[in-house]
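In: Got a predicted structure here, sequence first:
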Amino acid sequence: MMNLLACEMPYEKLARYGAENLTDVELLAILLRTGTREKSPLDLAREILQAGQGFRGIGKLTLAELQKIKGIGAVKSIQLTAALEIARRYSREKGKACYRIGSPKEVAEYYMEEMCELGQEHFKVILLNTKNEIISDRNLFVGTINRSLVSPREVLEYALKNSAVSLVFMHNHPSGDPEPSAEDVLITKKCNEAARLMDITLLDHIIIGRHQFVSLKQRGLY
C-alpha cells in the first residue's frame with residue numbers, strides 16, 4: 001500500500017507555505033493519508049475529485065457511492081463525509097454571525113442550497129435577535145413533518161435558551177413542490193400561538209422546493 005511516504009510533499013508544502021497554497025488534490029491527499037498498492041494518496045485524491053467533479057459534488061455522494069471508488073472503504077468514506085460537513089458548518093457559522101434577514105426571499109436563498117435537495121423532510125428553526133440577525137439555527141425535526149412530530153415546547157425551549165426574540169421556520173419538500181399542505185398550515189398556527197404566549201414572534205414559515213419557495217406569511221396563512 002502506498003502510504004504517507006508517497007504523500008510527504010503536500011505535508012511539507014502545507015507546513016512551509018500554508019494550507020491556502022495547496023491544490024485541492026494535495027489537501028484531499030493529506031486527509032486520505034494512504035492510498036492503495038496501485039495508487040498513491042495523490043492519485044486516489046485526484047480520482048475522488050473527478051468522481052465528484054469537485055468538493056461540492058463529493059459532498060453530495062452517499063457513503064455507499066464513495067465506497068464504490070477503489071481505495072475508499074467504510075472508514076475513509078466516513079472521514080471524508082465528516083470533513084466536508086465540518087467545512088459546511090464552518091462556512092455557515094462564519095456567514096451567519098452577521099447575516100440579517102430582510103425578506104422571505106433573502107432567507108430562502110440563504111438556505112436554498114443546503115435544503116433543496118435533501119431526501120427527507122427537515123424542519124429547521126432559525127433564531128433571530130432584535131436586529132433580525134441570525135444567532136442560531138438547528139434542524140429540530142427530521143422525517144414526515146406533522147403535528148405529532150413538531151413540538152412547540154421543544155421549539156420554544158431552543159429559542160429561550162438562545163435568548164431569541166423572533167424565529168423563522170423552514171422545511172423542505174423532497175418532492176420539489178413547495179406548496180404548503182393543510183398540515184403545514186396547522187403546525188404553523190399551533191406554534192405561532194405558543195410563541196406569542198412567550199413574547200416570541202414567528203416571522204415566517206418558509207417551505208423549500210426544488211430551487212423555489214413559498215412563504216406562509218406572504219400567503220397570509222397564519
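Out: Structure received.
In: tell me the centre residue of the chain?
Out: residue 114 (4.6 Å; C-alpha atoms, centre = their mean).
In: ok, then the element right after the helix or strand encompassing that residue?
Out: Assigned by DSSP states H and E, residue 114 belongs to helix 104-115. Using DSSP H and E, the helix or strand that follows helix 104-115 in sequence is strand 122-128.
In: could you give the mean pLDDT of that next one?
Out: Strand 122-128 carries an average pLDDT of 96.
In: what's the spacing between the closest residue to residue 32 other than its chain neighbours and residue 67?
Out: In space, and not counting its chain neighbours, residue 32 is closest to residue 41: 4.8 Å by C-beta to C-beta, 6 or more residues apart in numbering. Bear in mind the C-beta positions are built from the backbone N, C-alpha and C, glycine included. Relative to residue 67, residue 41 is positioned 17 Å away (C-beta to C-beta, to the nearest Å).
In: More neighbours: which of the two?
Out: residue 41 (27 against 16; other C-beta atoms under 10 Å).
In: and residue 164, how far is that from residue 145?
Out: 21 Å.
In: now residue 125
Out: Taken as C-beta to C-beta, the span from residue 125 to residue 145 is 12 Å.
In: Looking at those two, which is more packed in?
Out: Using other C-beta under 10 Å, the more surrounded residue of residue 125 and residue 145 is residue 125, with 25 against 22.
In: My read is that the more buried one contacts residue 158, right?
Out: Yes. Assessed by C-beta atoms under 8 Å, residue 125 is found in contact with residue 158 at 6.1 Å.
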